[in-house]
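Trainee: coords please:
(chains A and B)
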There are 2 protein chains.
Amino acid sequence: MTEPLSPDRLRKLDAFILELSAEAATVTLPAFRADTAVENKGGHAFDPVTQADRGAEAAIRRLIAQRFPDHGVIGEEYGADRADADHVWVIDPIDGTSAFVAGLPLWTTLIALRFQGSPVLGVIGQPYLREFYVGSTALGSRLVTPDGERRLEVRMCDGLAQAAITTTDPHLFNRAELEAWTAVRQAARLARLGCDAYAYAMVALGRIDLVVESGLKAWDVEAAVPVIEGAGGLLTDWTGQRLGRGGGRVAAAGDPRILRDALPILRRA
Amino acid sequence: MTEPLSPDRLRKLDAFILELSAEAATVTLPAFRADTAVENKGGHAFDPVTQADRGAEAAIRRLIAQRFPDHGVIGEEYGADRADADHVWVIDPIDGTSAFVAGLPLWTTLIALRFQGSPVLGVIGQPYLREFYVGSTALGSRLVTPDGERRLEVRMCDGLAQAAITTTDPHLFNRAELEAWTAVRQAARLARLGCDAYAYAMVALGRIDLVVESGLKAWDVEAAVPVIEGAGGLLTDWTGQRLGRGGGRVAAAGDPRILRDALPILRRA
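Mentor: Numbers count the residues shown, from 1 in each chain, chains lettered A, B, ... in the order given. You can find the predicted model right below:
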């Protein structure tokens, strides 16, 4: 066991993760809402989303290899390199590809840094909105935009009955999960669909109180862990275990009282 | 029967509808993502969304009353005035209030102008994105942003199997409607949830091929009729009748071949 990351070191990596986000945006943003007349003809000859997805991950990997050749990388598009290194970057170049295809500016570029196995730094970036939600459990979280920065803080919420909740698409749940989600939804104040990982940014911003997802991969959610924890919130699996690395079934909340109400329902699934 | 609106007259009203959108934005935008610590405590003492909703409609109504005192107005918040006038403005100051509450920039301000009973001019405005989708069936549609304007055009799509489709929330359907939606979804290439009226803008922009909704009021959809028709698309009810004024069950498509495939399924509901 080596030493934990020093605040100084974390700040340097924080600057670098924003650099990675900006690099990815040079690939994703020109492809967003670009002419895709061909795309709709079926077949797989030319798929601009997949091209942007791969191009963005390749760009991120190039920059990491230049700057930190001994770091590991796990990405959705190109798999794992040195996955047991001390530092491992976990990347989803375009989370929410269907939002991307449909022209909706809710897709995000997700980048997490694992240190000795645990995500310690993350960014949820939406370059069309010019919003970069960046955070670390140790140093806190902030929203970075061209107009400046603001501290991110989850909001307090008395319980599920007062909560605004979300999942991306109930269709992604299996039958038991769908029943649990439906029961949680009935107990909540307000439900909203179709956010993908942008929902985690809204938890950190104090606008959404609970996100419920299942079947996630590491790159779908690890970036959200430091961002939400740094804003004062928490992520667990559906049994209430704190989420570390990995994905699966996830509940992300601003206030622990929401999990107190929601987890007994989710546990049934 | 009086004469139809001349192109000159329509252009003047087109400039005015953008003025109305800008006026509404002065009320909605400051309230979006504003501090709402109180909101979450339950009760109805202070509800910033409702306040923004009402304030925006009141601002729109004031401007119409000043400029066109003989025009009628139908709004979600303040009801109908002179609903049988030659010119009637149909207003939803904040469509997608749950998106607004959840911090998601997909809520819109919808303004339609009915002339002699039919919507002839409309705008779908998203001021946080600085996007105003404005159109008329007669003169065409365009996207107005601070960076300039571009013509809106739906995309061609061979049929439902190639289509990107959307509905806001399947929970809003009754049982028969849900069965029909589910069958349409199974036949489509890609489905996306949670867009509200922003989905119509994405049809006009050529990114979404089909929107399916039910239980709509006039102010939920009339603004979309000129915007989509002016971009080359079409809106019908679920039996295939062209949508005029009013709401109900709506299918909005970029390419008629999608309705050819989807309507036989929707008609079962």
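Trainee: C-alpha only now, for contacts and for neighbours.
Mentor: OK.
Trainee: where does the stretch 1-150 of chain A have low pLDDT?
Mentor: Residues of the stretch 1-150 of chain A meeting the criterion pLDDT under 70: A:1-2, A:36-46.
Trainee: I'd like to check what contacts the longest helix seen in chain A. Which residues are they?
Mentor: Assignment by DSSP state H gives helix A:7-31 as the longest helix of chain A. For helix A:7-31, contacts defined as Cα atoms under 8 Å, 6 or more residues apart in numbering or on different chains pick out A:48-49, A:52-53, A:55-57, A:59-60, A:63, A:93-94, A:109, A:111, A:121-123, A:125, A:127-128, A:132, A:134, A:139.
Trainee: same deal with stretch A:190-197?
Mentor: By Cα under 8 Å, 6+ apart, the list of residues contacting stretch A:190-197 reads A:95-96, A:106-108, A:124, A:163-169, A:185, A:220-221, A:224, B:98-99, B:102, B:168-169, B:192-195.
Trainee: what pLDDT, on average, does it get?
Mentor: Mean pLDDT, stretch A:190-197: 96.
Trainee: Would you pull up how far that stretch lies from the middle of the chain?
Mentor: The chain centre lies 13 Å from the centre of stretch A:190-197; the measure is Cα atoms, centre = their mean, to the nearest Å.
Trainee: ok so, going back, restricted to strands, list the contacts of helix A:7-31.
Mentor: Of those, the ones assigned to strands by DSSP state E are A:93-94, A:109, A:111, A:121-123, A:125, A:132, A:134.
Trainee: As TSV, those residues with distance to chain B would be great.
Mentor: Below are the ones in strands among the contacts of helix A:7-31 laid out as TSV (distance: Cα to the nearest Cα, whole Å):
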residue	distance to chain B
A:P93	19
A:I94	16
A:T109	17
A:I111	21
A:L121	23
A:G122	20
A:V123	18
A:G125	14
A:F132	15
A:V134	17
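Trainee: Closest residue of the stretch 1-150 of chain A to chain B?
Mentor: A:A102 (5.0 Å; Cα to the nearest Cα).
Trainee: right, and that residue touches B:M202 too?
Mentor: Yes. Contact status for A:A102 versus B:M202: in contact at 7.1 Å, counting by Cα atoms under 8 Å.
Trainee: intersection of neighbour lists for the two?
Mentor: Joint contacts of A:A102 and B:M202 (Cα under 8 Å, 6+ apart) are B:I208.
Trainee: related to what we said a few turns ago, neighbour count for the ones in strands among the contacts of helix A:7-31 - can I get that in a markdown table?
Mentor: Converted to a markdown table, these look like this (neighbours: other Cα atoms under 10 Å in any protein chain shown):
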| residue | neighbour count |
| --- | --- |
| A:P93 | 32 |
| A:I94 | 28 |
| A:T109 | 30 |
| A:I111 | 30 |
| A:L121 | 31 |
| A:G122 | 32 |
| A:V123 | 32 |
| A:G125 | 31 |
| A:F132 | 24 |
| A:V134 | 32 |
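Trainee: out of those residues, what pair is the most spread apart?
Mentor: A:I94 and A:L121 (18.3 Å; Cα to Cα).
Trainee: Near A:Y128, how many other residues are there?
Mentor: 17 (other Cα atoms under 10 Å in any protein chain shown).
Trainee: can I see the domain layout of chain A?
Mentor: With domains defined by automatic domain parsing, chain A comprises A:7-151, A:160-266.
Trainee: tell me the most buried of those domains?
Mentor: For those, the largest average neighbour count (mean count of other Cα atoms under 10 Å in any protein chain shown) is found in domain A:160-266, namely a mean of 23.
Trainee: A:A191 - that's part of a strand, no?
Mentor: Yes. Under DSSP: H, G, I helix; E, B strand; the rest coil, A:A191 falls within a strand.
Trainee: ok, the nearest residue to it once chain neighbours are set aside - contacts?
Mentor: Counting by Cα to Cα, 6 or more residues apart in numbering or on different chains, A:I165 is the residue found nearest to A:A191 once chain neighbours are left out, at 4.8 Å. Contact partners of A:I165, counting by Cα under 8 Å, 6+ apart, are A:185, A:188-192, A:208-212.
Trainee: Go again with 6 Å.
Mentor: Counting by Cα atoms under 6 Å, 6 or more residues apart in numbering or on different chains, A:I165 touches A:191, A:209-211.
Trainee: now, which of those lie within strands?
Mentor: Going by DSSP E, the strands hold A:191, A:210-211 from those.
Trainee: near chain B, which residues of chain A?
Mentor: Proximity of chain A to chain B, by Cα under 6 Å from any Cα of the partner chain, involves residues A:102-103, A:193-194, A:207-208.
Trainee: Just send these back as CSV, with distance to A:A269 too.
Mentor: Below are the residues of chain A next to chain B laid out as CSV (distance: Cα to Cα, whole Å):
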residue, distance to A:A269
A:A102, 31
A:G103, 34
A:L193, 20
A:G194, 22
A:R207, 27
A:I208, 23
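Trainee: Pick out the most distant pair among those.
Mentor: Most distant of the residues of chain A next to chain B, by Cα to Cα, are A:A102 and A:R207, 23.7 Å apart.
Trainee: Surely A:P119 is in a strand?
Mentor: Yes. Per three-state DSSP, A:P119 lies within a strand segment.
Trainee: isn't it right up against A:I91?
Mentor: No. Look at A:P119 against A:I91 with Cα atoms under 6 Å: they stay out of range, at 11.8 Å.
Trainee: Spit out the residues that contact the two alike.
Mentor: Common neighbours of A:P119 and A:I91 (Cα under 6 Å, 6+ apart) do not exist.
Trainee: so how far is stretch A:179-192 off the chain centroid?
Mentor: Its chain's C-alpha centre and that of stretch A:179-192 lie 22 Å apart, by Cα atoms, centre = their mean.
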